[in-house]
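**Student:** coords please:
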Amino acid sequence: MKINWNAHVHLDTADAQWVGLGWGVTDDEPGNPLDYAALITVSAPPQAHAAVGKQAPNETVVLISSPELPCGNPIEIDVTYKITSAKPVAKGSQVNVKVAQHAGQLAEQSRNVLKEATGTVGDDITVHVEVPGSCG
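**Tutor:** Modelled structure (predicted):
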């Protein structure tokens, strides 16, 4: 399965304001993303004015204002994914996540990948991402 879901977070001060939060379960062929649920937590500095832009029915995006994260150039954010099996037919265990600068804006959802990681269904997968832009 490819990265089939791609929630969006809007950062007012980023160069490309829509940051994509892609994820997929790679060992579930042919798989259906709706067999899984995603809790995606984004910690961002308050000066970045983060807002949820898009999420699928099986995704929950939570924003946390984190004054301890630098909002300079670049803007630093932390993204934590927790992918769980939502239906008994979900058989996969390997998760791939991508945070991308332009994700979702074009047909190629993983354009300008800023950070990529892998993990396991049920575990937290956290990435620290430097998003091009400035709060200055």
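**Student:** what's the offset of stretch 39-55 from the middle of its chain?
**Tutor:** The chain centroid and the centroid of stretch 39-55 are separated by 10 Å under Cα atoms, centre = their mean, to the nearest Å.
**Student:** for it, how far is the first residue from the last?
**Tutor:** 10 Å (Cα to Cα, to the nearest Å).
**Student:** Show me which positions of that stretch end up buried.
**Tutor:** 40-45, 47-50, 52-53, 55 (16 or more other Cβ atoms under 10 Å). Yep, even glycine has a C-beta here, placed from its N, CA and C like the rest.
**Student:** got a list of what residue 85 touches?
**Tutor:** Applying Cβ atoms under 8 Å, 6 or more residues apart in numbering to residue 85 gives the contacts 35-37, 121-122.
**Student:** how close does it sit to residue 56?
**Tutor:** Look at residue 85 and residue 56: by Cβ to Cβ, to the nearest Å, they are 16 Å apart.
**Student:** was I right about residue 70 contacting residue 77?
**Tutor:** No: contact criterion Cβ atoms under 8 Å: residue 70 and residue 77 do not qualify, at 10.1 Å.
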